[in-house]
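J.: Give me the fold of what follows.
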Amino acid sequence: MLGELAALPEAGAFAVDVLDVDADPAARARYGHKIPVLLFAGELVCHGHLDIEELHKTLAYHRRPV
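T.: Numbers count the residues shown, from 1 in each chain. Alright, predicted model coming up:
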């Protein structure tokens, strides 16, 4: 998923933090069966594979005027 994400020009504007879910018991309990996961602003965007449509929806939502 990380390689696919890095290949998207629109995703390059955002910092990516890679976390080892297995190293954190709370994260393992929450996401262990969904690895890999992509979160944006603390919200789950997709899991298992990169869902580009969901990523675009999320980025559009966060770019909207407030």
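J.: Let me know the secondary structure of the residue most central in space within the chain.
T.: Centre of the chain computed as the mean C-alpha position; nearest residue by CA atoms, centre = their mean is residue 38, 1.9 Å away. Each residue gets one of three states, and residue 38 gets strand by DSSP: H, G, I helix; E, B strand; the rest coil.
J.: Make 38 the starting number, not 1.
T.: Renumbered: residue one is now 38, and that last one reads residue 75.
J.: In contact with it, which residues?
T.: The contact partners of residue 75, by CB atoms under 8 Å, 6 or more residues apart in numbering, come to 38, 42, 81, 82, 83, 84, 87, 92. Any C-beta I mention is one placed from the backbone N, CA and C, and that applies to glycine too.
J.: could you flag which of those are buried?
T.: Buried residues within the contacts of residue 75, counting neighbours by 16 or more other CB atoms under 10 Å: 42, 82, 83, 84, 87, 92.
J.: Sweet, I'm off.
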